[in-house]
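1. Sequence and predicted structure below; questions after.
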Amino acid sequence: MGATCKGLGITVTIIALIIGFSSASALAGENGMQTSFDMAVGASYLSGSTDYQIGGKVVWDNYPLEKIQFPISELDWPLDTFWLTLRGDVKFDRWRIGGKLQKNLTDDPGDMVDRDWGVYGYPFSWRDTLDIYSETDTELDGWIFDIYSDFTFYRVPQWDFFAGLGLTYQSFDFEGRNTKQWARNPINSVRDYVYVDGNTIDYEVTYTIPYMRLGTNFTYKDKMGTDRFFMEGSFAYSPIVNAEDEDNHLLRGKTNKSDTDGDAFIWTFKSRYNFWPHWFLGLNFDYTKIDTDGTSRATFTGPDAIYNHDIGIELHSTQTQATFEVGYDF
C-alpha cells in the first residue's frame, strides 16, 4: 500500500508539473510574455523532531497473535540543526515554477529520547508506567528537496491569489552513540542506571509528500513604481504522504522496518525586500506536520530470530523552519 501510494503520488505530481511547465512555456512563447528568474542562497534553522511509536497488534512468526497497549515504546529523534538552502523560481505571466534544495550544515541535533511503558505487565506495571527511559547522543545527515508549480487564478491591485501542486522529499539519517539508560526494577522499584559507550543505534527515515496548495501574495511598489517589498502566505495539504523508516538496535541485533501512509499539513510565510536593483533579502518561515501509520517488521539475528514479528507503528514529525536568504533577480 505504501509503495503504491508513494509511486502514484510522485507520478501524478511530476506529470502535473511537466504539463504546467510545458503549457506555461508554450503560452509565454506564443504571447511574447516576459519571463523572469531569481535565485537565492540562505541559511536555515530547522527545529522539531521525527518520532515513531509502536504497539497495538503483534503478529508473531512463531507465537499466537497478541494485542498490547499502544504505544508501548517511543523513540523521539531531534532535528534541531542549521541548514544550507538553495532556491530558484521561474515566472512568466500567471505561472511560477520553483525548487528548493537543503543540506544540513550542523550535525548535532541533540539527544534522542527512548521511552517504554508498561513493559513488565500487571501487577508490576500499568499502561502509563514509565519502565525504561534512555537518552542517546545523535548525529544527523539530512537532505530536503522541494519542487512546485503555481498558477495565479485571480488578481487585484497589489494582490495575487494562486493554487498549485508540489512535491517535498525529506531524508534523515541518524547515528546514535553513548546511551544513558534508566530502568525501573519491578520488584523493588529501584532505578537501575546503565551507560553504553559507542554506536548503539542507527535510524533512517524518509518522507515523500506530494501536496496541493493555495496562497496569496502582496507586492508593495515605491513612488517610482518599482517592486520594493513582497509577502506571501500559503497552506498546503497532502493526503498521500509515504514514510519509510529503518531502525537498527545494534546491541540487540534487532531491526525494525516500516512503510507507512498518512497525511501532512504545511504552512509557509515568505517576505522579501528589494534593497538594490536585482538584489533582495528574504526571511521565510515554514511549519510542517506529518502523521503516518502502518506496520513495522521486526527481525532478530541468530537464535533470537524466533521472536520475529509485525507490530503496529505510527510516525510523527513536527518541523518549524526559519530561513534568511540573499538573492538575485535576473
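-> Noted; the coordinates are in hand.
2. dump the residue contacts of the nearest residue to Phe269 once chain neighbours are set aside.
-> Among residues not flanking Phe269 along the chain, Phe285 sits closest, at 4.6 Å (C-beta to C-beta, 6 or more residues apart in numbering). C-betas here are computed from N, CA, C, even on glycine. For Phe285, the contact set (C-beta atoms under 8 Å, 6 or more residues apart in numbering) comprises Thr268, Phe269, Lys270, Thr320, Gln321, Ala322, Thr323.
3. can you check Ser44 too?
-> When contacts are counted by C-beta under 8 Å, 6+ apart, Ser44 touches Phe82, Trp83, Leu84, Thr85, Gln102, Gln321, Ala322, Thr323, Phe324.
4. For stretch 276-284, what does the pLDDT average out to?
-> For stretch 276-284, mean pLDDT is 93.
5. got the CA positions of that stretch in CSV?
-> What follows is stretch 276-284, C-alpha atoms only, in CSV (Å, rounded to 0.1, in the frame of the first residue of the first chain):
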residue,chain,number,x,y,z
TRP,A,276,19.2,47.2,-4.7
PRO,A,277,18.4,46.7,-8.4
HIS,A,278,18.1,43.0,-8.9
TRP,A,279,19.2,42.2,-5.3
PHE,A,280,16.9,41.2,-2.5
LEU,A,281,16.9,39.9,1.1
GLY,A,282,14.4,37.3,2.2
LEU,A,283,13.0,36.0,5.5
ASN,A,284,10.9,32.9,5.3
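6. And the contacts of Ser44, which of them are buried?
-> Taking 16 or more other C-beta atoms under 10 Å as the criterion, what is buried in the contacts of Ser44 is Trp83, Thr85, Gln102, Gln321, Thr323.
7. Using PDB, write down the CA coordinates of stretch 219-232.
-> As requested, the backbone C-alpha atoms of stretch 219-232 are provided in PDB (Å, rounded to 0.1, in the frame of the first residue of the first chain):
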ATOM      1  CA  THR A 219       3.600  43.400  -3.500                       C
ATOM      2  CA  TYR A 220       4.400  47.000  -2.400                       C
ATOM      3  CA  LYS A 221       5.700  49.400  -5.100                       C
ATOM      4  CA  ASP A 222       7.500  52.600  -4.300                       C
ATOM      5  CA  LYS A 223       6.700  56.000  -5.800                       C
ATOM      6  CA  MET A 224       8.700  55.100  -8.900                       C
ATOM      7  CA  GLY A 225       6.600  52.000  -9.500                       C
ATOM      8  CA  THR A 226       9.400  49.600  -8.600                       C
ATOM      9  CA  ASP A 227       8.600  46.500  -6.600                       C
ATOM     10  CA  ARG A 228      10.100  47.100  -3.200                       C
ATOM     11  CA  PHE A 229       8.500  44.700  -0.700                       C
ATOM     12  CA  PHE A 230       6.900  41.300  -1.100                       C
ATOM     13  CA  MET A 231       5.000  39.000   1.200                       C
ATOM     14  CA  GLU A 232       3.500  35.600   0.600                       C
END
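8. Sweet, I'm off.
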